[in-house]
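1. Need a 3D model of the sequence below.
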Amino acid sequence: MLRVTVTGLLAHRLRLVLTAVTVMLGAGLVAGTFILTDSVQAMLRAGTSGPARLVVVQPSGAGGSKGASGPLSVPAGLVTRLRTAGDVAAVQGLITAAKLTYLGPGARPITHARAATELLSYPATPVLAAWYTITAGRAPRRGDEALLDAATARSLGYRPGDRIGVVTPSGTRDLTVTGITGFGGAPSPPDAEIASVDAPTVLVVPPATAQRLVGLPGRFTEIDVLARPGTSATALADRIAPLLPPGIQAVTGGQAASQQAATADSQLDSLRSYLFALCALALAVAGFVISYTFAVLSAQRTREYALLRIIGASRGQVIGSTTGGYSVAEKTMTSRSRGMARWRRVGGAAGATGMVPVGWRPRLSSQRRSVS
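-> Prediction:
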């Protein structure tokens with residue numbers, strides 16, 4: 001009967017192979033979903049510490065929630081006031097804006113399917129500027145200069161010395177690209193890529209230029225305060241709090257990074273839900289294919305079963321031959337699925353160093369102002 005079972009499997013091997021492939025594809029979708037989401041989550045958890053001595057002054061509730069109340073920016077006059085606080089090493093006002101219109105080669109708008117363009121200001125303090133990894137050229141120094149993200153530079157062929165336009169309410173402003181930059185080793189901001197599953201175009205300009213481009217004269221979207229060595233960020237935040245007007249708060253760099261990581265993690269949950277819905281559909285189709293395949297095989301082998309009974313096979317032997325063949329197919333598919341599960345565990349452990357740039361941390365720009 002063993003020979004009969006093996007011969008029966010080989011006679012219908014194409015159907016069984018296609019069934020096994022269907023199951024493996026379904027298991028592969030599930031494993032791939034876990035690999036993607038687990039590795040990104042590991043990266044987010046590993047990168048929420050922020051600079052140990054950094055304090056971020058921002059509008060209250062500006063941790064990325066859509067319903068945050070209060071002003072969209074902070075007054076630039078706070079920079080002078082914060083410098084008078086004790087144990088302050090540096091104070092830097094920053095601008096972070098989104099949804100600007102950039103004009104690329106041929107004065108054509110630079111568009112993306114999902115990501116929104118961004119404008120960042122370049123800090124004058126080296127510690128705060130360490131997140132920008134300039135791969136070509138230099139940092140912007142004058143009001144008509146800018147850094148361009150490496151992803152856009154690669155896709156559109158930008159080099160240092162090329163021009164890029166920024167559309168503002170008062171007209172188009174042309175900037176000279178002085179350098180190409182990465183973000184913590186990534187070609188574009190990883191948090192923006194997680195949020196939109198796309199690489200946005202990012203310009204980095206001096207703070208005064210950013211204020212003019214987004215229409216925020218005399219204001220910043222956040223102010224970064226760096227404590228002197230030996231002073232903790234928590235102690236400096238407590239010292240700064242009495243100097244702030246209503247609606248403005250001081251949080252440590254780690255807290256600001258954690259807020260952004262939580263926002264990105266919630267967006268990742270939405271992506272995971274969509275992927276799992278596709279996985280459930282794939283597994284349902286696989287189950288239907290398995291049921292249909294075994295039903296067809298059983299119908300096709302009716303004459304074989306009758307012949308086996310005529311030549312003397314007992315009812316139990318016929319049933320054993322049928323279930324034995326299905327058991328072999330099931331064990332084969334199960335072993336392949338377990339192999340994918342082991343791949344998922346290895347991939348999830350290696351994701352933080354394989355899929356995610358080494359040394360990346362969530363950006364501390366905690367408030368974005370949308371500019372149409």
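
2. got any ranges where the stretch 251-372 of the chain has weak pLDDT?
-> Within the stretch 251-372 of the chain, the stretches falling below the threshold (pLDDT under 70) are 260-267, 318-372.

3. From Ala233, how far off is Pro245?
-> Taking C-beta to C-beta, to the nearest Å as the criterion, Pro245 is separated from Ala233 by 21 Å. The C-beta positions use only the backbone N, C-alpha and C, and glycine is treated the same way.

4. Between these two, which is the more surrounded one?
-> A direct count of neighbours by other C-beta atoms under 10 Å for Pro245 and Ala233 places Ala233 higher, at 23 against 11.

5. Now do the same contact list for the more buried one.
-> Applying C-beta atoms under 8 Å, 6 or more residues apart in numbering, one finds that Ala233 lies in contact with Pro51, Ala52, Arg53, Leu54, Val55, Ala227, Thr252, Gly253, Gly254.

6. List only those of those flagged as buried.
-> Buried residues within the contacts of Ala233, counting neighbours by 16 or more other C-beta atoms under 10 Å: Pro51, Arg53, Leu54, Val55, Ala227, Thr252, Gly253, Gly254.

7. Return the subset of the residues you listed lying in strands.
-> Mapping the buried ones among the contacts of Ala233 onto strands (DSSP state E) picks out Leu54, Val55, Ala227, Thr252.

8. My understanding was that the second one contacts Val251; is that so?
-> Yes: with contact defined as C-beta atoms under 8 Å, Val55 and Val251 form a contacting pair (7.2 Å).

9. any common contacting residues for those two?
-> Contact criterion C-beta under 8 Å, 6+ apart; residues shared by Val55 and Val251: Ala237.

10. other SSEs contacting the strand ranked longest in the chain?
-> In the chain, with assignment by DSSP E, the single longest strand is strand 171-183. With contacts defined as 3 or more C-beta pairs under 8 Å, 6 or more residues apart in numbering; DSSP states H and E, the secondary structure elements packing on strand 171-183 are strand 132-137, strand 145-149, helix 150-156, strand 163-168, strand 202-205, helix 207-214.

11. do you know which of the ones you listed lies nearest Ala27?
-> helix 150-156 (32.5 Å; C-beta to C-beta).

12. by contact count, what packs against that closest one?
-> Helices and strands in packing contact with helix 150-156 are listed as strand 171-183; criterion 3+ C-beta pairs under 8 Å, 6+ apart.

13. quick check: angle from the strand it packs on to strand 145-149?
-> Using axes from the mean of the first three to the mean of the last three C-alpha atoms, to 10 degrees, the interaxial angle of strand 171-183 with respect to strand 145-149 works out to 50 degrees.

14. I'd like the distance from strand 171-183 to the chain centre, please.
-> For strand 171-183, the distance between its averaged C-alpha position and the chain's averaged C-alpha position is 24 Å (C-alpha atoms, centre = their mean, to the nearest Å).

15. Which positions in it come out as buried?
-> By neighbour count with 16+ other C-beta under 10 Å, strand 171-183 contains the buried residues Arg173, Leu175, Val177, Thr178, Gly179, Ile180, Thr181, Gly182, Phe183.

16. quick one on the thing from earlier: pick the one among the contacts of Ala233 closest to Asp87.
-> Minimum distance to Asp87 across those is 5.7 Å, recorded for Ala227 (C-beta to C-beta).

17. quick one, what contacts that closest one?
-> When contacts are taken as C-beta under 8 Å, 6+ apart, Ala227 is in contact with Arg53, Leu54, Val55, Asp87, Val88, Ala89, Ala233, Ala235, Leu236.

18. Among the residues you listed, which one lies nearest to Tyr132?
-> Proximity to Tyr132 was ranked across the contacts of Ala227 by C-beta to C-beta; first place goes to Leu54, at 15.5 Å.

19. Which pLDDT does the model give that closest one?
-> Model confidence at Leu54, expressed as pLDDT, equals 89.

20. how close does it get to Gly143?
-> From Leu54 over to Gly143 (counting by C-beta to C-beta), the distance is 27 Å.

21. cool, Leu100 as well?
-> Counting by C-beta to C-beta - Leu100 and Gly143 are separated by 16 Å.

22. Looking at the two, which is more packed in?
-> Comparing Leu100 with Gly143 by other C-beta under 10 Å, the one with more neighbours is Leu100, at 20 against 14.

23. who's in contact with the more buried one?
-> With contact set as C-beta under 8 Å, 6+ apart, Leu100 has these partners: Thr117, Glu118, Leu119, Val166, Val167, Leu203, Leu213, Val214, Val371.

24. Select from those the one having the most neighbours.
-> Most crowded among these, counting by other C-beta under 10 Å, is Leu203 at 27 neighbours.

25. Let me know whether that one touches Leu147 as I believe.
-> Yes: counting by C-beta under 8 Å, a contact exists between Leu203 and Leu147, whose distance comes to 7.0 Å.
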